[in-house]
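In: got a sequence here, can you model it:
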Amino acid sequence: MRLAALFSGGKDSTFAIMEAIKSGHEVTHLITMAPEKDDSYMFHYPCIDLTRMQAEVMGIRQVWKETAGNKESELVDLREAISSLKGQIDGVLSGAVSSEYQKSRIDGMCRQLEIQSVAPLWGRDAYDLMKEEAGAMDIMITAVSTNGLDKNWLGRKISTPVVEELRMLAQKSHFNIQFEGGEAETFVTNSPLFSKKIVVGDYEKVWDSRTSSGYIRAKNVKLAPKKI
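Out: Got it, this is the predicted structure:
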């Protein structure tokens, strides 16, 4: 099927594309929703502008759609973005893993538009999936918003040993290791889909001590050849 991927630049939306292509689908478009608010119910925000670079190195056309970021408008905006591709796609691809809120709304929208909803990561074990993603891609943590993840986690790379560290913290602090509840956000700097890697030369940490949450502002970002 020809699929339009809902794409935030994070680990799940990127890995979902990898899995869809592996299953024989063609990902023809990336749909990126850019919320005006940083607490969107449906869409991820940190480093959203850098998805343009990811689209470039994947060679996939990106549909960029701004949204107010509240429950009512973001679903309307998403429907508009998907509808703009009518006749060009057979379905919508998402990186949903366990969020019923997210998946049910995407499924319902696809039914209304008479196209398929494809979610290759749905129902996967969170720990096993995180390990698989860490082994397949270079992943950076761009935001944290939960007990157990402090300022020091901003900018960290999620390697296989780090997954084990996250597993222990998740058990201790009772958060979802897959970050499905918005506990953290990620950005993929390299994957088998990329023709070049993305190098974040520097970043600024923005931290709110009142809410114990924060995010990074990436700086000096450039493309670089992959090592052969």
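In: now stretch 166-179 - C-alpha only, CSV.
Out: The C-alpha atoms that make up stretch 166-179 are tabulated as CSV, following Å, rounded to 0.1, in the frame of the first residue of the first chain:
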residue,chain,number,x,y,z
LEU,A,166,15.7,3.4,31.7
ARG,A,167,14.1,0.1,32.5
MET,A,168,15.2,0.3,36.1
LEU,A,169,14.1,3.9,36.4
ALA,A,170,10.7,3.1,34.8
GLN,A,171,10.1,0.3,37.3
LYS,A,172,11.1,2.5,40.3
SER,A,173,9.3,5.7,39.2
HIS,A,174,6.3,4.0,37.5
PHE,A,175,6.6,5.5,34.0
ASN,A,176,6.2,3.9,30.5
ILE,A,177,9.7,3.0,29.3
GLN,A,178,8.4,3.6,25.7
PHE,A,179,7.4,7.2,26.7
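In: tell me which element the residue nearest to Ile216 when sequence neighbours are not counted is part of?
Out: Spatial nearest neighbour of Ile216, excluding adjacent residues (C-beta to C-beta, 6 or more residues apart in numbering): Tyr203 at 4.3 Å. In this view, the C-beta of every residue, glycine as well, is placed from N, C-alpha and C. Assigned by DSSP states H and E, Tyr203 belongs to strand 197-208.
In: list the helices and strands the next helix or strand after that strand packs on?
Out: Later in the chain than strand 197-208, the nearest helix or strand by DSSP H and E is strand 213-224. Contact analysis of strand 213-224 by 3 or more C-beta pairs under 8 Å, 6 or more residues apart in numbering; DSSP states H and E lists helix 51-58, strand 138-144, strand 197-208 as its packing neighbours.
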